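Enquirer: Quick one, fold the following:
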Amino acid sequence: MNKMRVYGVSVVILGLLAACNSQPKTEAQTVTAAEGSAHSVHPGADQKVEVKLTEFKIEMPTTVAAGPTTFSVTNTGGDVHSFEIEGNGIEKALATQLQAGQTKTLRVELKPGTYEVYCPVDGHKMLGMSRKLTVS
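Expert: Numbering: from 1, shown residues only. Predicted coordinates for the structure are as follows:
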């Protein structure tokens, strides 16, 4: 009886694996901040955008694809920084500031349009920590 149950569970698992592997694979392209090169992103999956904050600039792509996006934000500078995005009905920021060397993520659902990203730490935006992001 026990062997039959194990056999039945094995058949179900193999069937599920076969169904998952039979789906056609399509890929979209997104640009990352590190090299400005294209990386594959599967539809429905978050695209990852690398962001580096330092005194007093933001290094990241200027354009990304619309859809679920996770910004991986690293403070490569010596001062405390943070990250905020505004536009198209979105105003979202990291929950806490980044100390030197820290990395945190911020997930947003981006719609086509123009956004402003900046460091909301007092005075940093005016010192150059602001840029436009185009989403298409």
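Enquirer: Can you report how many residues lie near the closest residue to Leu133 other than its chain neighbours?
Expert: Ranked by CB to CB, 6 or more residues apart in numbering and with sequence neighbours excluded, the top spatial neighbour of Leu133 is Tyr115, at 4.4 Å. C-beta: built from backbone N, CA, C; applies to glycine. Residue neighbour count, defined by other CB atoms under 10 Å, stands at 19 for Tyr115.
Enquirer: Tyr115 and Gly101, how far apart?
Expert: 26 Å (CB to CB, to the nearest Å).
Enquirer: Ok, Gly89 next?
Expert: Remark: distance between Gly89 and Gly101 (CB to CB) = 33 Å.
Enquirer: Between these two, point out the one with more neighbours.
Expert: Shown here are Gly89 and Gly101; by other CB under 10 Å, Gly101 has more neighbours (10 against 7).
Enquirer: Check for me that the more buried one belongs to a helix.
Expert: No - Gly101 is assigned coil when assessed by DSSP: H, G, I helix; E, B strand; the rest coil, not a helix.
Enquirer: helices and strands of this protein: which one bottoms out on pLDDT?
Expert: Each helix and strand of the chain was given a mean pLDDT (mean pLDDT, DSSP states H and E); the minimum falls on strand 28-31 at a mean of 33.
Enquirer: And the nearest residue to Gly113 once chain neighbours are set aside, its phi and psi?
Expert: In space, and not counting its chain neighbours, Gly113 is closest to Asn88: 4.4 Å by CB to CB, 6+ apart. Here is the backbone geometry of Asn88 (degrees, to the nearest 10): phi 50, psi 40.
Enquirer: quick one: Thr105 from Lys92, how far?
Expert: As judged by CB to CB, Thr105 and Lys92 stand 12 Å apart.
Enquirer: quick one: the helices in this protein?
Expert: Assigned by DSSP state H, the helices in the chain fall at 2-21.
Enquirer: give the contact list for the closest residue to Leu53 other than its chain neighbours.
Expert: Once flanking residues are discounted, Leu53 sits nearest to His81: 4.1 Å by CB to CB, 6+ apart. By CB atoms under 8 Å, 6 or more residues apart in numbering, the contact set of His81 is 53-54, 75, 97-98, 119, 121, 124, 129.
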